[in-house]
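Q: Could you look at this predicted model? Sequence included:
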Amino acid sequence: MPQIFVAVDAVGIKYLCLHYEIADDGTLLYIAVQLSEDRLNDFIKGHIDLRLLYTSPEQEGSLYIVKYDDTIIAQPYLDELLPSMLPGEGYYYNDSMAEDAEILERSVRTQSPVIRLAFETPDNKHTLEARCLSAALVSFQSLVDSSFKKLYKGIDSDISTLRVTTFTAASFDVEFCANETLDLFGQSKLGTTLEEINKLFSDDDNVVIETLRTLKGFAATNYRKFLNVLLSYGLAVKYKWVYSTTEADVRKRKVATPRLKSLYDIINSNSELGTEEQEFIGHFTAASFDNGKWSFAQEIGKDVKGDCLDNNLLSGITLVDKRYKITCTATQSINETTLKERTKYILIKCEETGDTETK
């Protein structure tokens, strides 16, 4: 295991120091390389081989010999690096345990679920287009919302609202906390929702399809949109979330671009799963047999309006005075300008259930 540490000089420049030898007098010898913040982050996130940092520094004159006894002395190193100075190939730093401890501590402190979502560009850039980031976050939030509503019908959907707390370079990490308080076991409904979403990114196609059949409707539609955003911008994705603070259970997954493409093929070959049927009870406030458009006031809930699969469904409709139960197919879309969701309803069944109550 390489012995390394980060040193910082008087003006804030950082150096990664690698121990390679102990001198005859007991002095510890290190080879150090000057690093930019982005380069260091890439290494810490496990994107760059340790050996490569020394064999391919960012600029000439970046290498130093560092002697450590009671004080640290650094001298420029201009010769060719000896094999004994270098680590073996294929060592990538893994800070996942430190990250897990960090988000666990934050979840305990805030008593709310903490989620970290990271986007990886093909060339590991530390920037994303604004429209890419906004589209990715909106589609991810929509996937969480719709999955939560499917699993927990009748529960306040504000619980599934995610609040961004941190942006971090390297993989472009986005950290969220949620509008939910952890239960006595350090768990949450949102954590369970994310476990279900996690199955949508499984390596097992059968698990993905079965989960799509469970969630279907808006969740399947938003899943497709999220995949489409990732693939349109060539992004891979990884995520982790605190499932339980009492058990220190942090769950995670990384999904590379080839797998995202195969997942996109799966959802496209099961396109019928993106449509959801919904029932409403109330009365019609408008109905046009000519163009098939209608408006409906629910007894409980907001008014809805839409079109017809067959305009004959509106034949003989009595406005206001009659009570109906209607069944509609519902599909969601997102306005790319406002980023607001819009639901389109198509009436497929209409059943009169009596007179409306007089007030």
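A: That came through, no problem. Numbering: from 1, shown residues only.

Q: Tell me which strands the top strand by length along the chain pairs with, and in which orientation.
A: Longest strand of the chain, by residue count under DSSP state E: strand 341-355. If you go by DSSP bridges, strand 341-355 pairs up with strand 304-308 (parallel), strand 322-334 (antiparallel).

Q: What are the structural domain limits within the chain?
A: 4-81, 96-274, 276-355 (automatic domain parsing).

Q: Out of those domains, which one sits most buried?
A: Looking across these with neighbours counted as mean count of other Cβ atoms under 10 Å, the highest average goes to domain 96-274: a mean of 18. Placement of C-beta: from N, CA and C, glycine included.

Q: now that domain: how far from the chain's centre is it?
A: With Cα atoms, centre = their mean, to the nearest Å as the basis, domain 96-274 stands 4 Å off its chain's centre.

Q: again with stretch 29-41
A: Per Cα atoms, centre = their mean, the centroid offset for stretch 29-41 relative to its chain is 30 Å.

Q: Just the terminal-to-terminal distance for it.
A: End-to-end distance for stretch 29-41: 24 Å, by Cα to Cα, to the nearest Å.

Q: so for it, what's the average pLDDT?
A: On average, the pLDDT along stretch 29-41 is 91.

Q: If you drop the residues flanking it in sequence, what lies closest to residue 121?
A: Nearest in space to residue 121, with sequence neighbours left out and distances taken as Cβ to Cβ, 6 or more residues apart in numbering, is residue 235 at 6.3 Å.

Q: And the pLDDT at the one you found?
A: Residue 235 is assigned a predicted lDDT (pLDDT) of 93.

Q: Give the next helix or strand downstream of the helix or strand hosting residue 224.
A: Using DSSP states H and E, the secondary-structure element containing residue 224 is helix 218-232. Beyond helix 218-232 on the C-terminal side, the first helix or strand identified by DSSP H and E is strand 236-244.

Q: Using CSV, write out every CA atom in that following strand.
A: Taking Å, rounded to 0.1, in the frame of the first residue of the first chain, the C-alpha atoms of strand 236-244 are listed here in CSV:
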residue,chain,number,x,y,z
ALA,A,236,-22.2,8.0,-16.7
VAL,A,237,-23.8,8.2,-13.3
LYS,A,238,-23.1,7.0,-9.8
TYR,A,239,-25.1,7.6,-6.6
LYS,A,240,-25.3,6.7,-3.0
TRP,A,241,-27.7,7.3,-0.2
VAL,A,242,-28.1,6.7,3.5
TYR,A,243,-30.6,3.9,3.9
SER,A,244,-30.2,3.5,7.7
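
Q: which helices and strands sit right next to it?
A: With contacts defined as 3 or more Cβ pairs under 8 Å, 6 or more residues apart in numbering; DSSP states H and E, the packing partners of strand 236-244 are helix 96-110, strand 114-120, helix 189-199, strand 249-255, helix 257-268.

Q: can we see that at 7 Å?
A: helix 96-110, strand 114-120, helix 189-199, strand 249-255 (3 or more Cβ pairs under 7 Å, 6 or more residues apart in numbering; DSSP states H and E).

Q: among the ones you listed, which is nearest residue 143?
A: Closest of those to residue 143 is helix 189-199, at 6.4 Å (criterion: Cβ to Cβ).

Q: now the angle from that closest one to strand 249-255?
A: Between the axis of helix 189-199 and that of strand 249-255 there is an angle of 30 degrees, by axes from the mean of the first three to the mean of the last three Cα atoms, to 10 degrees.

Q: so residue 152 makes contact with residue 189?
A: Yes: between residue 152 and residue 189 a contact is recorded at 5.7 Å, counting by Cβ atoms under 7 Å.

Q: Spatially central residue for this protein, please.
A: residue 117 (4.2 Å; Cα atoms, centre = their mean).

Q: Beta-bridge partners for that one, please?
A: Beta-bridge pairing for residue 117 (DSSP bridges): residue 174, residue 239.

Q: OK, contacts around it?
A: By Cβ atoms under 7 Å, 6 or more residues apart in numbering, the contact list for residue 117 reads 140, 174, 239.

Q: Can you check the pLDDT for it?
A: Here, the pLDDT recorded for residue 117 equals 94.

Q: Now do the same contact list for residue 175.
A: For residue 175, the set of contacting residues under the criterion of Cβ under 7 Å, 6+ apart consists of 114, 116, 165, 166.

Q: which one is residue 268 nearest to, not counting chain neighbours?
A: In space, and not counting its chain neighbours, residue 268 is closest to residue 224: 7.3 Å by Cβ to Cβ, 6+ apart.

Q: Wait, the one you found touches residue 267, no?
A: Yes: assessed by Cβ under 7 Å, residue 224 is found in contact with residue 267 at 4.8 Å.

Q: can you tell me how far residue 151 sits from residue 356?
A: Noted for residue 151: a distance of 33 Å to residue 356, by Cβ to Cβ, to the nearest Å.

Q: And residue 230, by the same measure?
A: Going from residue 230 to residue 356 by Cβ to Cβ gives 48 Å.

Q: same question, residue 104
A: Plainly put, residue 104 is 54 Å away from residue 356 if you go by Cβ to Cβ.

Q: go on, residue 207?
A: From residue 207 across to residue 356, the span is 47 Å (Cβ to Cβ).

Q: and residue 331, what are its bridge partners?
A: Here residue 331 shows beta-bridge partners residue 344, assigned using DSSP bridges.

Q: All set now, cheers.
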